[in-house]
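>>> structural data only, the sequence is not supplied:
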């Protein structure tokens, strides 16, 4: 075998990259040489952050061994790592584990031929052996045409003391550096002037993880480190190359000037050089002498001085320890001798790589400062964890363990500090990115006792790897549960008297029932208020439409005076037959009532509406003044409610919007509005929904519904909703003990009955019978009370009674294990991205890799799908919902998993997404009267023919049944006929036709579309008519489709014929 030529070096690097694609990447450096050649390097090691080593060869053209050393070592490492073998160089062996350690701990950047033009020329003109040969690159710019004056010495071209005639002493020996273009050591016309030099700088700039640099040369059997221009000193930082006051004094051995280097850096250079020397000497017995570069001869502009000095010139650049390795005893020895040199240098570099991390970064464990942990304002009954966080850096792992405590030094008798994850931290391993701290965390727990309690304690810890010890102080205090003042802002516009879908009740009746249950379930310590709004908002003391000022809830009983006052205010809520809708007014009134209230930790607004705002203030007008957490409920679908405005308002204030959609007669829809109110209540009071199933139960049957509680749950509320108050129910603990209304009164639990609702509320653990019940599978047991059932049959008549009772069981937990979910829509247009996310925590820490979350989705076409959420970060789950169709997406997030102690848990939360036909929000209600927004283009459908529809409508208008139906909806048939005939409508629209303008007047909730752009009147009472010619044909067609369901006979027949 013989030396490789330039082409073989290049093809060899490419072959390595092809053969080992996972661990070798070929790099083309950005600066081609003056002769147009590319410069190539490879990076060894897999992807990922880690420190790096830069091996540079071939800077001087006549030195043929350094490129061989670089290529050979790269090939050896790649092959051995791939095969899982070790490497041997003569008597020295490196095990497979050591090879794996190197390849997994570093990135190795290998650039064998830094001066390809020079190498190519040298191999053409220089012979093997001898001390001469071509040294420089082949840049002819400064040669003046003289062949011997071509080129620059690349190892003098770097920007370090480049102006040596000024910066060195006149007495300095400068024979190894020159400003003469014909000198072998010509440093070039300017610093970093050469393309080859710029490639090296690019490598350093582009790969800041490089920490060690080798510029491999030949010959002299030397291991050299900084500095090259003078001797070293470690005591005076001002005496350095950075200080121009010392210009003209550098470069003379034995004089007063010596170049500053940090003590630790000098010691590290010496230790690393010794490892390199030992690895080389072990192969062939050759002794390489470590020392200062200045000991060889004074130089400036060298690669190693420049590389190390970079962090001193620019503190933002990393420190790189740079070595010059002068290999062998000749520039171009015979190949057999070169092979010995390759083996011994490869061995030395491998030993260096094995030892460098621990020498450069010895293990360091840094304790937190100050040495204390604080449990501040922990709510009563809740447990929280705090970590004593030690930072670990260096070349190996470490852990920290408790050697004493934690012990309580002061506090009430029931104070306890725990070690929930054991007395020892996990093993913190900073490798391979040894400079980025790993964390050794010892966790301490504290459970809140009683409001106002203060406690202190201590814990002592030790790191065995470093033999360090610490004492950490603990401080804690308990506060009462967060108190929330909640303001309900309820819509009372005329449309609230309309039917609530197919539920058989009005919207007002459905709201009263849901809001009453909300009031009946608010935990004590919180407060409630209520304001009403239509086209105006009314103060809590208004004589006509009274509300309720913020009123404290003192006790859990339904009979609590504050709770009764709030319940009475809800049940007194009624619709204003002439009312329009100003959601912004309602929000502002709620805000104004809440603003002066003190004594509560949080404030929240819940706004309910069934329509689109059509009177100022708008939501947008009020939004800037609302700081409180805000939730919104819309009774209707996405086009019947001010969806965009409410979604933006709530989403930006840590709340959300829930839309009911059309409410059908099914069980889920029967309880849907109540479920929305109760979920919002849970969220405001730090509760989570454990389970929320619905169903029905027949006479004589017994329904058992299991649910999971864990050690992390502090309090549970188990709520039973029914359509008829005919059920009785009780709970069974994991041990089989029964909790019924009688047992509840003796065990410290609450049992209460509300509006078609009953609930148990109890703290955990709960003493029942001979056990203390907490974690495990509980059962809710339901059955019809047959005495009440028979009484009901007698009162109602059996033909009117359903076959059973519908129910919804909702289990809430005040818990240390929490799920918080949200939905984010970038657009309300079909196809817009809709992100679903959820965060699971336990004791305020991410619940990592312990749970699965699935979104169960009902699409607008009532199709269903399950969408799993991915755990993208510890405890953070995300998914993207496709929204290809317009309409309402009902989403139920279900989480299931295991707590930190391995016990099963479940969590649920409801969300809704809305997609509009054209992503246009409702038109502004603050527009000037003479401004008419652009009319929405009707959706094209097969068979649309405006003239044909006009003929059909004219025919229908001749039917008495149609006229009667129009009268029911206060529609003027004569005006419609005149418009169809192309005539002007009557100058003054009738009162009935004016009613059409108000989207809040009673109509079926599937067609409550806002036409806000038609408003010409102002809030003070003026109302304008809506001319029939301004009603789009599609709206009339939709109205006729509804009419078809109500008028039999001729209408159905005519519509059927037309569609055919």
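That came through fine. All figures in this text were calculated on a predicted structure; none of them were measured in a lab.

>>> tell me how far the nearest residue to residue 148 once chain neighbours are set aside lies from residue 152.
Distance criterion CB to CB, 6 or more residues apart in numbering; nearest residue to residue 148, sequence neighbours excluded, is residue 182 at 6.2 Å. C-betas here are computed from N, CA, C, even on glycine. From residue 182 across to residue 152, the span is 12 Å (CB to CB, to the nearest Å).

>>> which one of those two is surrounded by more residues?
residue 152 (26 against 14; other CB atoms under 10 Å).

>>> just checking, that one touches residue 135?
No - Residue 152 is beyond contact range of residue 135, at 9.9 Å (criterion: CB atoms under 8 Å).

>>> and this structure, split by domain according to the record?
As given by automatic domain parsing, the domain ranges for the chain are 6-215+226-360, 364-479, 485-685, 946-1059.

>>> which of the ones you listed has the lowest average pLDDT?
Mean pLDDT is lowest for domain 946-1059 out of those, coming in at a mean of 47.

>>> which of the residues in stretch 296-315 are buried?
When burial is assessed from 16 or more other CB atoms under 10 Å, stretch 296-315 yields the following buried residues: 298-310, 312.

>>> restricted to helices, list those.
303, 304, 305, 306, 307, 308, 309, 310, 312 (DSSP state H).

>>> ok, now how distant is the fourth one from residue 317?
Counting by CB to CB, the gap from residue 306 to residue 317 is 11 Å.

>>> returning to that earlier point: possible to save the ones in helices among the buried residues of stretch 296-315 as a markdown table with distance to residue 27?
Below are those laid out as a markdown table (distance: CB to CB, whole Å):
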| residue | distance to residue 27 |
| --- | --- |
| 303 | 18 |
| 304 | 22 |
| 305 | 25 |
| 306 | 21 |
| 307 | 18 |
| 308 | 23 |
| 309 | 25 |
| 310 | 20 |
| 312 | 28 |
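
>>> spatially, which two of these are the most separated?
By the measure CB to CB, 303 and 312 form the most distant pair in these, at 15.7 Å.

>>> the longest helix along the chain: what's the following helix or strand?
Using DSSP H, we find that the single longest helix of the chain is helix 335-360. Counting by DSSP states H and E, the next helix or strand C-terminal to helix 335-360 is strand 364-366.

>>> hmm, who's touching that next one?
For strand 364-366, contacts defined as CB atoms under 8 Å, 6 or more residues apart in numbering pick out 390-394, 398, 400, 437, 440, 463, 465-466, 468.

>>> nearest to residue 667, of the residues you listed?
Checking the contacts of strand 364-366 against residue 667 by CB to CB gives residue 440 as the nearest, at 52.9 Å.

>>> I'd say the closest one and residue 399 touch.
Yes - Residue 440 is within contact range of residue 399, at 5.6 Å (criterion: CB under 8 Å).

>>> those two - which one has more neighbours?
Legend: neighbour count by other CB under 10 Å for residue 440 and residue 399, higher for residue 440 (28 against 19).

>>> with adjacent residues omitted, what lies nearest to residue 123?
Per CB to CB, 6+ apart, closest to residue 123 is residue 5, 5.8 Å.

>>> hmm, I typed the wrong one, I wanted residue 655.
Distances taken as CB to CB, 6+ apart place residue 631 nearest to residue 655, at 4.1 Å, with adjacent residues excluded.

>>> show me what the helix or strand harbouring that neighbour is packed up against.
Assessed by DSSP H and E, residue 631 sits inside strand 629-634. Packing contacts for strand 629-634, counted by 3 or more CB pairs under 8 Å, 6 or more residues apart in numbering; DSSP states H and E, involve strand 602-609, helix 643-651, strand 657-659, helix 667-684.

>>> beta partners for residue 727?
Under the criterion DSSP bridges, residue 727 forms beta bridges with residue 784.

>>> that one: neighbour count?
Using other CB under 10 Å: residue 727 sits among 23 other residues.

>>> tell me the pLDDT of it.
Note on residue 727: pLDDT of 96.

>>> look up how far residue 491 lies from it.
Taking CB to CB, one finds residue 727 at 31 Å from residue 491.

>>> am I right that residue 517 sits in a helix?
Yes - assigned with DSSP: H, G, I helix; E, B strand; the rest coil, residue 517 falls within a helix.

>>> now it: how far from residue 751?
As judged by CB to CB, residue 517 and residue 751 stand 16 Å apart.

>>> looking at those two, which is more packed in?
Shown here are residue 517 and residue 751; by other CB under 10 Å, residue 517 has more neighbours (25 against 20).

>>> hmm, the more buried one is touching residue 679, no?
No - in this structure, residue 517 is not within contact of residue 679 by CB under 8 Å, at 12.0 Å.
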